[in-house]
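1. Sharing a model prediction with you, sequence too.
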Amino acid sequence: MQIKIRSGGHDYDGLSYLSDVPFVIVDLNNLRSITVDVQNETAWIQSGATIGEVYYNVAAKSRTLGFPAGVCPTVGVGGHFSGGGYGTLLRSYGLAADQVIDARIVNVDGKILDKESMGEDLFWVIRGGGGASFGVVLSWKVKLVPVPPTVTVFTIAKTLQQGVTELVHKWQDVAYNLPKELFIRVIFDVINANDNGDKTVQAAFNSIYLGSVENLVSLMNTRFPELGLESKDCTEMSWVQSTLYFNGFPVNGPLEILLDRTQAKRFYKAKSDYVKVPIPTVGLEGIWKRLLEEDQPVVIFSPYGGKMSEISESATPFPHREGNLYKIQYLAYWEGLEETAKQLSWIRKLYRYMAPFVSKNPRQAYLNYRDVDIGQSKNGTATYLQGKVWGGKYFKNNYDRLVHVKTKVDPENFFRNEQSIPSVANA
Ligand code: FDA
């Protein structure tokens, strides 16, 4: 039987709790203690905790420490940290996995190992290579990161009629090169343009700056004046309040909302891409056209650069570093099961349309935006070459080292799933 390992259960294609072969779930839901050491600026976090619980516990101890992980508070630590994990502090500090300094893992022999006893190779794979191919990660020791007592956020939304195409075209050159303290992502959706039922694409420039309003406005006036940012568009708050802001929660409301583990129940499918060269205007217009075919599409452009460019491609299994201007996430949402085929077909068509504009050979993808469309095997029994179909996209040249470590630590392929790293022990 397959062993499924589940922490927060947020796997986009459900690989932690679905399979077409018999399986058992090792559910870490109740292993979720968090111990914050303010003096040493570290924390031990068990895999079943959510990132909202991490933010809450860090903020309860200090206003000037934060942690760079994802936006949605219900995401589980186990899958998130082992697959990378990024959020609004990405350009300042990199990924959640980049902060890991120790871990405890149950290996295939049932032994609990720490950083020293697991050795360099196993410690490397669990920081971006996905834990599920190698063992059950119980807990993580991470570095916390400094944040100013006050950060600044803003969201400016523009429609097609208000010049989205030109703004996004410019954003592609600007966002990657900004100082690392400034993160401006763009979220696209479709809204009503008027009362006649006409639709338009809306782009929300959604940002956090680790500094004051005054400095931000002056920086934006120099680097991205086209957006027209003014002080009145900005709000100062603590870093932990910014985690509420990015989720649309009231920023002055109780922080306890970060502890709510209830997951939204919606049908959706997601995919990812990396952009290395700005998409020409005509290419952007083709995206808008396809978004307008759908009722609830969401596309998010997240800028890279900053700290992400300073970390080498092989420092961890996560290879998408220098030279990636931004990452795209495509999302289709729908209400009823009967809509599924239509929605899957729409998002796959959009993905095909994007091929000329995004990374190639391989077309890169983000492991934590799991996408079985890019390749999978039945019951985790892929060969080296079959595994490379998705492994090359998620890990580029790091795939070979992942296979090497897998073969060493789990030669019989005990820990496997539809997109796991193959062992070549019996090849
Ligand atoms: P889940 O429990 O489903 O596990 C995911 C994978 O990791 C599975 O293969 C599982 O077997 C394995 N795994 C889990 N725990 C393990 C453990 N302890 N040891 C070994 N293997 C383990 N990502 C991001 O980077 N930034 C973001 O802002 C967001 N936002 C976001 C919002 C929402 C609503 C969703 C559904 C997802 C995201 N994500 C994200 C993606 C998220 O990072 C990704 O789905 C993580 O793998 C989720 O980790 P969970 O532990 O919740 O998932």
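-> Good, I have the coordinates.
2. The helix ranked longest in the chain - contacts with which helices or strands?
-> In the chain, with assignment by DSSP state H, the single longest helix is helix 340-354. On a contact count with 3 or more CB pairs under 8 Å, 6 or more residues apart in numbering; DSSP states H and E, helix 340-354 meets strand 267-275, helix 281-291, strand 326-334. For glycine as for every other residue, the C-beta is placed from the backbone atoms N, C-alpha and C.
3. now the angle between strand 267-275 and that helix, please.
-> Angle, helix 340-354 to strand 267-275, by axes from the mean of the first three to the mean of the last three CA atoms, to 10 degrees: 10 degrees.
4. can you pull out the strands in the stretch 101-250 of the chain?
-> 112-113, 136-143, 145-146, 151-159, 182-192, 199-209, 234-237 (DSSP state E, counting those that start in this stretch).
5. Kindly export the fourth one (C-alpha atoms) in CSV.
-> Looking back up the chat, that one is strand 151-159. Extracted in CSV, the C-alpha atoms of strand 151-159 (Å, rounded to 0.1, in the frame of the first residue of the first chain):
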residue,chain,number,x,y,z
VAL,A,151,5.5,48.0,7.4
THR,A,152,3.5,49.6,4.6
VAL,A,153,0.9,47.9,2.4
PHE,A,154,-1.1,49.1,-0.6
THR,A,155,-3.4,47.7,-3.3
ILE,A,156,-4.2,49.7,-6.5
ALA,A,157,-6.6,48.1,-8.9
LYS,A,158,-6.9,49.1,-12.5
THR,A,159,-9.1,47.8,-15.4
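6. neighbouring contacts of that strand?
-> 164, 167, 191, 193, 200-213, 216, 227-229, 233-239, 242, 245-246 (CB atoms under 8 Å, 6 or more residues apart in numbering).
7. redo that, cut-off 7 Å
-> Applying CB atoms under 7 Å, 6 or more residues apart in numbering, the external contacts of strand 151-159 come out as 164, 167, 193, 200-213, 216, 227, 229, 233-237, 239, 242, 245.
8. need the strands of the stretch 101-250 of the chain in JSON lines with mean pLDDT and distance to the ligand, can you?
-> As requested, the strands of the stretch 101-250 of the chain are exported to JSON lines (pLDDT from 0 to 100; distance: least, CB to the nearest ligand atom, whole Å):
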{"stretch": "strand 112-113", "mean pLDDT": "98", "distance to the ligand": "13"}
{"stretch": "strand 136-143", "mean pLDDT": "98", "distance to the ligand": "4"}
{"stretch": "strand 145-146", "mean pLDDT": "98", "distance to the ligand": "16"}
{"stretch": "strand 151-159", "mean pLDDT": "98", "distance to the ligand": "16"}
{"stretch": "strand 182-192", "mean pLDDT": "97", "distance to the ligand": "10"}
{"stretch": "strand 199-209", "mean pLDDT": "98", "distance to the ligand": "12"}
{"stretch": "strand 234-237", "mean pLDDT": "98", "distance to the ligand": "19"}
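9. Dump those to JSON lines, plus mean neighbour count.
-> Shown next, in JSON lines, are the strands of the stretch 101-250 of the chain (neighbours: other CB atoms under 10 Å):
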{"stretch": "strand 112-113", "mean neighbour count": "16"}
{"stretch": "strand 136-143", "mean neighbour count": "22"}
{"stretch": "strand 145-146", "mean neighbour count": "17"}
{"stretch": "strand 151-159", "mean neighbour count": "20"}
{"stretch": "strand 182-192", "mean neighbour count": "19"}
{"stretch": "strand 199-209", "mean neighbour count": "22"}
{"stretch": "strand 234-237", "mean neighbour count": "18"}
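10. Turn the ones you listed into TSV, columns for distance to residue 49.
-> As requested, these are exported to TSV (distance: least, CB to CB, whole Å):
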stretch	distance to residue 49
strand 112-113	18
strand 136-143	9
strand 145-146	18
strand 151-159	23
strand 182-192	24
strand 199-209	23
strand 234-237	24
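11. what comes up buried for the longest helix of the chain?
-> For helix 340-354, a neighbour-count test (16 or more other CB atoms under 10 Å) marks 343, 346, 347, 350, 351, 354 as buried.
12. Give me the next element, helix or strand, following that helix.
-> helix 384-395 (DSSP states H and E).
13. who does whichever helix or strand comes after that following helix touch, helix- and strand-wise?
-> With elements assigned by DSSP H and E, the helix or strand that comes after helix 384-395 is helix 398-409. Judged by 3 or more CB pairs under 7 Å, 6 or more residues apart in numbering; DSSP states H and E, helix 398-409 is in contact with helix 115-125, helix 384-395.
14. Figure out which of those is closest to residue 99.
-> When the helices and strands packed on helix 398-409 are compared by CB to CB, helix 115-125 sits nearest residue 99, at 13.5 Å.
15. now the closest one against helix 384-395, angle please.
-> 90 degrees.
16. Mind listing residues that contact helix 115-125?
-> Residues from elsewhere that reach helix 115-125 (CB under 7 Å, 6+ apart): 102, 103, 105, 134, 316, 317, 402, 405, 408, 409.
17. Give me the buried entries from the residues you listed.
-> 103, 105, 134, 316, 317, 402, 405, 409.
18. Next, format those residues as CSV and append pLDDT and distance to the ligand.
-> Formatted as CSV, the buried ones among the contacts of helix 115-125 follow (pLDDT from 0 to 100; distance: CB to the nearest ligand atom, whole Å):
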residue, pLDDT, distance to the ligand
103, 98, 9
105, 98, 7
134, 98, 7
316, 98, 14
317, 98, 13
402, 98, 14
405, 98, 14
409, 98, 13
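19. Relative to residue 151, how far out is residue 61?
-> 18 Å (CB to CB, to the nearest Å).
20. ok, how many other residues are close to residue 106?
-> Look at residue 106: counted by other CB atoms under 10 Å, it has 15 neighbours.
21. And the one 3 residues further on, by the same measure?
-> By the measure other CB under 10 Å, the count of residues near residue 109 is 10.
22. pLDDT wise, what is it at?
-> In this prediction, residue 109 carries a pLDDT score of 97.
23. now swap in residue 88 and tell me
-> On the pLDDT scale, residue 88 gets 98.
24. show me what contacts the residue nearest to it when sequence neighbours are not counted?
-> Leaving out its chain neighbours, the residue that sits closest to residue 88 by CB to CB, 6 or more residues apart in numbering is residue 208, at 4.7 Å. Residues in contact with residue 208 (CB under 7 Å, 6+ apart) are 88, 151, 153, 183, 242.
25. Switch those residues over to CSV; also include distance to residue 9.
-> Below are the contacts of residue 208 laid out as CSV (distance: CB to CB, whole Å):
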residue, distance to residue 9
88, 23
151, 30
153, 29
183, 27
242, 25
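26. Settle this for me: residue 421 is touching residue 388, isn't it.
-> No. The pair residue 421 / residue 388 is not scored as a contact, 10.1 Å apart, by CB atoms under 7 Å.
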